[in-house]
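# Predicted model follows, preceded by the sequence.
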Amino acid sequence: MTVLGIVIAIAGLAVSLVSRKWLYRLFLLSIPFSGTSVINVGTGLNASGVQVWMYLGSLLLLRDLCGWLVNPDARLAPSFLKRFLPLGIFILVLTLSLLMPIYINGKLEIEAPTLTDFSSSPLYFSSRNATTFLYVVFGALLTISIARRNIQPEEVRMTERTYLLAGIVTCILGVSEFVAHLVNLPSPTVLFRNSASPGAAGNLALLEGVGRVSSVAVEPSVLTLFLCTVVPLTLPALLGRGYIYSRRIDRWCFFLFLLTLLLTTSTAAYAVLIFAPILCLPVISKLGIKITRGAFYSLLGLFTLGCASAGLYSVSSTAQQVLNAALLTKGESYSALERLKTISLAWEYFKQYPVLGVGWGSVTSDDLICFLLANSGLMGLLAFSLILVGIARPILRQMTGTPDRVSASRGVWLLSVVLLIAACVVTTFPFVFGFLWMVIAMGIAAGSTDYLKKDAEPARSTVLSRAVRT
């Protein structure tokens, strides 16, 4: 353990003994810190780190377990448990997929995912299969814990404020990292980087000589995925449908998040910025904004982004290099070719074993769809799709089309899920990161009929207050 890991371990344990509420807040604040580990396991290419959110999440689950044992009445109601049925189906499918490496038993050769490595090894059941499965089980348990807490207005308010604060801290550190690169000074984010995982070296990446911003995440693409989940929290203030801290602060946060996304120089970030206005239209229309007006805002956003990018491209040679490398010539880069290799290999494995794939955790693929198909087959992809449908359908059905605070909060979390999944399609399935399970949990909670039901004070008792009435 590093000194930072020891401090986090002691502080987390102390807080867990004192207050569940503050432990939950620390958990939310820790979610973007994927480059920070409480403890490192293994060495070299086989090294991995126990992320802070995992450690604090374990303490949360332990407190929940103790609470359920002491007070049986605090357990989940059967009606609420039904909301987690798609998640349970997904876990069941992954469990069945673990039989595939045993069934294959070395008859399939798995090629190395690295572009310059042409070696292969026979597929057998290994500890990696069990570890990746446990990641999902742990995330699912946390999902249940978070969702059951976020029904009452005071809990939702705390969650939204704390999660937005986590985004603010992350982006401030990200901008500081960019400035440090410009003036050739050590980045302040180095203080939070103690993970021995090889993937954590992504913060050292350069794009055409320009240091890429990853803030406290393991790499720029992971920072992009996290920001996809937090940017929607600022949209009610932009649309005049409420706020979290205040309209002015929330709007400034939006531009801070936008700037950080641009500084990541991640292709996924730029792709999300281009398509986000279109993806947001269904939710915007449910918030009482006419579809024509929403389309106008979307087109205006795309036009503004396009003009800003074109202006930078025309006046800055650095911007030209970055945009060429990140977008225009991305398909010719080493990372793009390596990504294409992993996706094509995963597709071939899926075609050989289409029902349950070759077993959860057996294959690497730098995208969402082929990753699920190769590792869990059509059954896994359908089961995960059921989770998304189980989130989106109840929320859209219960958003009344009026600009009230409940609809705004529901729409925020639905957009978080939508933008995250859209980014995952061109990156990876981030089941080892806390933000995935966080937004799934809030999406499930937001679809409940009891969500913010006891909110009797429109101006004070919920985050997205002072909604505009039409």
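Great, that's in hand.
# From now on I want contacts and neighbour counts done on CA atoms only, so please keep to that.
Noted.
# What's the local residue count around residue 155?
The number of residues packed near residue 155 is 17, by other C-alpha atoms under 10 Å.
# same check, this time on residue 16
Residue 16 has 20 nearby residues by other C-alpha under 10 Å.
# Let me see the contact set for it.
22, 23, 59, 60, 63 (C-alpha atoms under 8 Å, 6 or more residues apart in numbering).
# how would you label it: helix, strand or coil?
Secondary structure for residue 16, judged by DSSP: H, G, I helix; E, B strand; the rest coil, is helix.
# one step back: inside helices: which ones of the contacts of residue 16?
Cross-referencing the contacts of residue 16 against helices under DSSP state H gives 22, 23, 59, 60, 63.
# export these to TSV and tack on distance to residue 376 and neighbour count?
As requested, the ones in helices among the contacts of residue 16 are arranged in TSV below (distance: C-alpha to C-alpha, whole Å; neighbours: other C-alpha atoms under 10 Å):
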residue	distance to residue 376	neighbour count
22	37	13
23	34	23
59	30	21
60	29	21
63	32	17
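# quick one: buried residues of the helix or strand harbouring residue 176?
If you go by DSSP states H and E, residue 176 is part of helix 153-182. Using 16 or more other C-alpha atoms under 10 Å as the test for burial, helix 153-182 gives 153-168, 170-171, 173-181.
# Same question for stretch 229-243.
For stretch 229-243, by 16+ other C-alpha under 10 Å, it's 229-239, 241-243.
# For the residue lying closest to residue 339 once chain neighbours are set aside, report the pLDDT, please.
Nearest in space to residue 339, with sequence neighbours left out and distances taken as C-alpha to C-alpha, 6 or more residues apart in numbering, is residue 366 at 5.5 Å. pLDDT recorded at residue 366 is 88.
# ok, now how distant is residue 366 from residue 353?
19 Å (C-alpha to C-alpha, to the nearest Å).
# hmm, back to that, relative to residue 91, which of the ones in helices among the contacts of residue 16 is nearest.
Ranked by distance to residue 91 (C-alpha to C-alpha), those are led by residue 60 at 20.9 Å.
# does that closest one really touch residue 22, like I thought?
No - at 10.4 Å, residue 60 and residue 22 do not qualify as touching, with contact defined as C-alpha atoms under 8 Å.
# and stretch 435-454, average pLDDT?
89.
# what's the answer for stretch 177-190, then?
For stretch 177-190, the per-residue pLDDT averages 86.
# Return it as CSV; C-alpha atoms alone will do.
The C-alpha coordinates for stretch 177-190 follow below in CSV (Å, rounded to 0.1, in the frame of the first residue of the first chain):
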residue,chain,number,x,y,z
GLU,A,177,-3.3,19.6,-15.6
PHE,A,178,-3.6,21.2,-19.0
VAL,A,179,-2.0,24.5,-17.7
ALA,A,180,0.8,22.5,-16.0
HIS,A,181,1.6,20.8,-19.4
LEU,A,182,1.7,24.2,-21.1
VAL,A,183,4.2,25.7,-18.6
ASN,A,184,6.2,22.4,-18.2
LEU,A,185,5.4,22.1,-14.5
PRO,A,186,4.3,18.9,-12.6
SER,A,187,0.6,18.3,-12.8
PRO,A,188,-1.3,18.5,-9.5
THR,A,189,-3.1,15.4,-10.4
VAL,A,190,0.1,13.4,-9.9
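# Tell me the helices and strands packed up against whichever strand or helix holds residue 25.
When elements are assigned from DSSP H and E, residue 25 belongs to helix 20-30. Applying 3 or more C-alpha pairs under 8 Å, 6 or more residues apart in numbering; DSSP states H and E, we find helix 20-30 packed against helix 3-18, helix 52-70, helix 153-182.
# what's next to that helix, contact-wise?
12, 15-16, 52-53, 56-57, 60, 63, 159, 162-163, 165-166.
# Would you point out the most distant pair within these?
For the contacts of helix 20-30, the farthest-apart pair by C-alpha to C-alpha is 63 and 165; their separation is 24.1 Å.
# just the strands in the protein please.
Ranges of strands within the chain are 37-41, 48-51, 109-111, 120-122, 206-207, 210-211, based on DSSP state E.
# Those strands: which one's closest to residue 427?
When the strands of the chain are compared by C-alpha to C-alpha, strand 206-207 sits nearest residue 427, at 17.3 Å.
# Excluding covalently adjacent residues, which one is nearest to residue 55?
residue 38 (7.2 Å).
# that older thread, so the residue nearest to residue 339 sits against residue 423, correct?
No - Residue 366 is beyond contact range of residue 423, at 11.4 Å (criterion: C-alpha under 8 Å).
# Could you check which of these two is surrounded by more residues?
Each of residue 366 and residue 423 has its neighbours counted (other C-alpha under 10 Å); residue 423 has more, 28 against 22.
# Find the nearest non-adjacent residue to that one, please.
The shortest distance from residue 423 to any non-neighbouring residue, by C-alpha to C-alpha, 6+ apart, is to residue 268 (5.8 Å).
# again with residue 151
Per C-alpha to C-alpha, 6+ apart, closest to residue 151 is residue 451, 4.7 Å.
# Can you give me every residue that contacts the one you found?
Taking C-alpha under 8 Å, 6+ apart, we find residue 451 in contact with 150, 151, 152, 153, 406, 445.
# and residue 145, what does it touch?
So, once contact is read as C-alpha under 8 Å, 6+ apart, residue 145 ends up touching 61, 64.
# just use 19 as the starting number from now, easier for me
Yep, numbering from 19; the last one is residue 163 now.
# Any figure for the gap between the residue lying closest to residue 466 once chain neighbours are set aside and residue 168?
The shortest distance from residue 466 to any non-neighbouring residue, by C-alpha to C-alpha, 6+ apart, is to residue 412 (7.4 Å). Remark: distance between residue 412 and residue 168 (C-alpha to C-alpha) = 16 Å.
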